[in-house]
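> Take a look and give me a structure for this.
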Amino acid sequence: MRMRAWPWTCLLVAAQSLVAAAQAPAVQVLGYAGLLGEWELTATATDMRAARIKEFSGPLTMKHIGFCSQDGPEEKRGEIRIRISTEALDVTLSIAGAQCSFQSRSSSNPYIGTLTCSDRAPVPMTLWIE
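As a prediction, this is how the structure comes out:
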């Protein structure tokens, strides 16, 4: 009796397609904020949906890299949400209970704008999204 390989091949291809669909594309976010660029921002964000407007979200780390760090760099962890359209980049950061927003009207890297947080004065910010 001869077994046909094609049903197993179809099953394997279907399983690989499901795995590929479940693995959402990710972007690396790098940036700096502050009057002297003293805060370094790094994040990895995954695509939340497929559309003309791209939305990403993921964990965020901000590290103080300025000269005032006596006991080593201060680090803050949180969450980043990114919305990219053809007109603008909109970013929301949640860091240690504070909500911050960043908008850039430039349409390519680097994205330049102002980081506005609920608990402090606005500061310049630059982001690269790869």
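
> Would you map the helices across this structure?
6-22 (DSSP state H).

> show me what contacts Y111?
L89, F102, S104, T126, L127, W128, I129 (CB atoms under 8 Å, 6 or more residues apart in numbering). Every residue, glycine included, has its C-beta placed from N, CA and C.

> gap between the closest residue to it other than its chain neighbours and E74?
Distances taken as CB to CB, 6 or more residues apart in numbering place S104 nearest to Y111, at 3.7 Å, with adjacent residues excluded. To E74, S104 is 25 Å away according to CB to CB, to the nearest Å.

> picking that back up, just among the contacts of Y111, which is most surrounded?
F102 (25 neighbours; other CB atoms under 10 Å).

> What residue, apart from its backbone neighbours, is nearest that residue spatially?
V91 (4.1 Å).

> and that neighbour, what are its bridge partners?
For V91, the beta-bridge partners under DSSP bridges are I82, F102.
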